[in-house]
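Visitor: Here's a sequence, model it:
(2 chains)
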Protein chains: 2
Amino acid sequence: MTFERVAIIGLGLLGGSIGLAVAQHLPGIATTGYDVDPAVRQRARERGLAGTICETASEAVAEADLVILCVPVGAMTEVAREIAGALRPDALVSDVGSSKRTVAKALSEALPNHAIIPAHPVAGTEHSGPDAGFASLFHHRWCILTPPADADPEQVNALIEFWKALGAMVDAMDAEHHDMVLAVTSHIPHLIAYTIVGTASDLEQVTRGEVIKYSAGGFRDFTRIAASDPTMWRDVFLQNRDAVLEMLDRFLTDLALMREAIRASDGETMFELFTRTRSIRRSIVAIGQDDARPDFGRKDHE
Amino acid sequence: MTFERVAIIGLGLLGGSIGLAVAQHLPGIATTGYDVDPAVRQRARERGLAGTICETASEAVAEADLVILCVPVGAMTEVAREIAGALRPDALVSDVGSSKRTVAKALSEALPNHAIIPAHPVAGTEHSGPDAGFASLFHHRWCILTPPADADPEQVNALIEFWKALGAMVDAMDAEHHDMVLAVTSHIPHLIAYTIVGTASDLEQVTRGEVIKYSAGGFRDFTRIAASDPTMWRDVFLQNRDAVLEMLDRFLTDLALMREAIRASDGETMFELFTRTRSIRRSIVAIGQDDARPDFGRKDHE
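Guide: Numbers count the residues shown, from 1 in each chain, chains lettered A, B, ... in the order given. The predicted model follows:
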């Protein structure tokens, strides 16, 4: 089983990249696309983010055998309800949301008669919108599927092959575990980055201009993450609340220990942690999940 | 007034980069170098990190009119005492440490008869040691001088011109303000990064392998910072304790507010912060303090 017609609902960074990647890697598949924003649809036409850009979501999904919802996780229910009447009975519905437990529930409630296999490509940049997507976004990135227990193995395999064709590596796990893993590898890092950038903007002792000028000491890395799409991230924290709070409390406990080490001038505790953390970086670079060049290869050193 | 002979004590990332940058931009200046580690001295000779690599710190500084201490801030007193008897009476002593209040005090106590102008080039990568340095490290980066109130303006100017010749932009401020600014733009970001990488390594629910595989969701950015030199960073937190604790408590207050927003499903508070933080990123890119390309220009998207 393979897909012949793929509908992409939502044409931002992820949706646009899927459209461009299908055109490049799976040219035999016809794509339709829709976005709720007319200006995004216009730009999507200009960039060719899908073969056909439709004026309604129902029109986009009408003939598709795979429908991928690429909207903020808080908008899933609304979009699913909108397309429910227009979907082919045999269409597989998937998504790209960063939280999976609530999304799976929302989609299965809104589409009780359809096959649903949620997915999450762990890929992105700080940019968003219809100009942000590019065909190689998923190359050598993991895509995590969270198929329900009763999923049709043939459909699961077809979706795995689809993502592999776009350049991704594919894993499967249950939605609850996904949400815990992503809370620590993605959601907490974003929350921390947003917060420290906010803290730095609000100081009286240090001006915003100083924060910007001297950001190369480490801060600038956090501003990249804190430039990510606000709607998408608000929805992630609303939808993955429990796992985020659990991981946040772990982090806060560890940070309190480090605070106490600094207060007590306990250099040994600091040195132990600062030494231990180097090996994770090496492993990430070794398996090709980050750039080996210093500073991610930023070109300002040239 | 210009310098004719520059001694570099400590030949890691910063010291080595100064040596290479002087050779490139100020070839008329003779450089001597010393490192406490014989293996580093050997590698420094092979890479040509200074014109002459000496076997003692005293030998390295004996004829220098500018001596730059490039050792962890906790080692400043020891190194200053070691060179005190060998320094030329007219030698200017400077450094590259990331905290300035305690370093200024340590140096002026150890070298009561010498002119001291502390400095901090806000530049670096996650790599350290004698292989990490490169001549363009200071290009378009800020170097902050913290001259004491009684500093000789001619010497201050000479040091400013020296750093400008290496490609840096130069600012001056008092040491206390420097320590507050750097606490927020550099020290707290490092502390947070080290801590979250530590937290992620210690979880039971999520394996280390999963953290590494799915790190592209944001976590990998933190691992770069958390791969920085442990000795250097332990010393920074020991030496800049008060400013770090003050800024850390600001951050913790803000993080507690975000925790409460998540707990209460208060999407408005999140959205407001996530929107506000985007503009700082734009300003940093606009003034050339970060790479404008998505994801810092990481090449794994190619």
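Visitor: For the stretch 51-200 of chain A, which segments count as strands?
Guide: For the stretch 51-200 of chain A, applying DSSP state E, counting those that start in this stretch gives strands covering A:52-53, A:66-69, A:92-95, A:115-116, A:119-121, A:142-145, A:169-172.
Visitor: do you know which of those lies nearest chain B?
Guide: strand A:142-145 (5.7 Å; C-beta to the nearest C-beta). No exception for glycine: its C-beta is placed from N, CA and C like everyone else's.
Visitor: That closest one pairs with which strands, parallel or anti?
Guide: strand A:119-121 (antiparallel), strand A:169-172 (parallel) (DSSP bridges).
Visitor: Could you single out the most deeply buried of these?
Guide: Highest mean neighbour count among the strands paired with strand A:142-145 (mean count of other C-beta atoms under 10 Å in any protein chain shown): strand A:119-121, with a mean of 27.
Visitor: which residues touch that strand?
Guide: A:14, A:68, A:94-98, A:100, A:137-138, A:141-146, A:159, A:163, A:168, A:178, A:182 (C-beta atoms under 8 Å, 6 or more residues apart in numbering or on different chains).
Visitor: Would you mind checking the average pLDDT for it?
Guide: In this model, strand A:119-121 has an average pLDDT of 98.
Visitor: again with stretch A:293-302
Guide: On average, the pLDDT along stretch A:293-302 is 79.
Visitor: Also stretch A:49-58?
Guide: Averaging pLDDT along stretch A:49-58 yields 98.
Visitor: And that stretch, what's buried?
Guide: A:49-50, A:53-54, A:57 (16 or more other C-beta atoms under 10 Å in any protein chain shown).
Visitor: Which stretch among the strands of the stretch 51-200 of chain A approaches B:Ala227 most closely?
Guide: The closest of the strands of the stretch 51-200 of chain A to B:Ala227 is strand A:142-145. By C-beta to C-beta, the value is 21.5 Å.
Visitor: coming back round to it: please produce a markdown table containing the strands of the stretch 51-200 of chain A, extended by distance to A:Ala227.
Guide: Shown next, in a markdown table, are those (distance: least, C-beta to C-beta, whole Å):
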| stretch | distance to A:Ala227 |
| --- | --- |
| strand A:52-53 | 27 |
| strand A:66-69 | 24 |
| strand A:92-95 | 24 |
| strand A:115-116 | 32 |
| strand A:119-121 | 20 |
| strand A:142-145 | 23 |
| strand A:169-172 | 27 |
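Visitor: By proximity to chain B, which residue of the stretch 51-200 of chain A wins?
Guide: Distance from chain B to each residue of the stretch 51-200 of chain A (C-beta to the nearest C-beta) is smallest for A:Ser186, at 2.9 Å.
Visitor: Nearest residue to that residue in space, please, no chain neighbours.
Guide: Spatially, and ignoring its direct neighbours in sequence, A:Ser186 is nearest to B:Gly217 (2.9 Å; C-beta to C-beta, 6 or more residues apart in numbering or on different chains).
Visitor: What residues does the stretch 51-200 of chain A have near chain B?
Guide: The stretch 51-200 of chain A has residues A:74, A:98, A:122-127, A:132, A:134, A:136-137, A:139-142, A:144, A:171, A:177, A:180-182, A:184-200 near chain B, with proximity defined as C-beta under 8 Å from any C-beta of the partner chain.
Visitor: Weed out the non-buried ones from those residues.
Guide: Applying 16+ other C-beta under 10 Å to these flags A:74, A:98, A:122-127, A:132, A:134, A:136-137, A:139, A:141-142, A:144, A:171, A:177, A:180-182, A:184-200 as buried.
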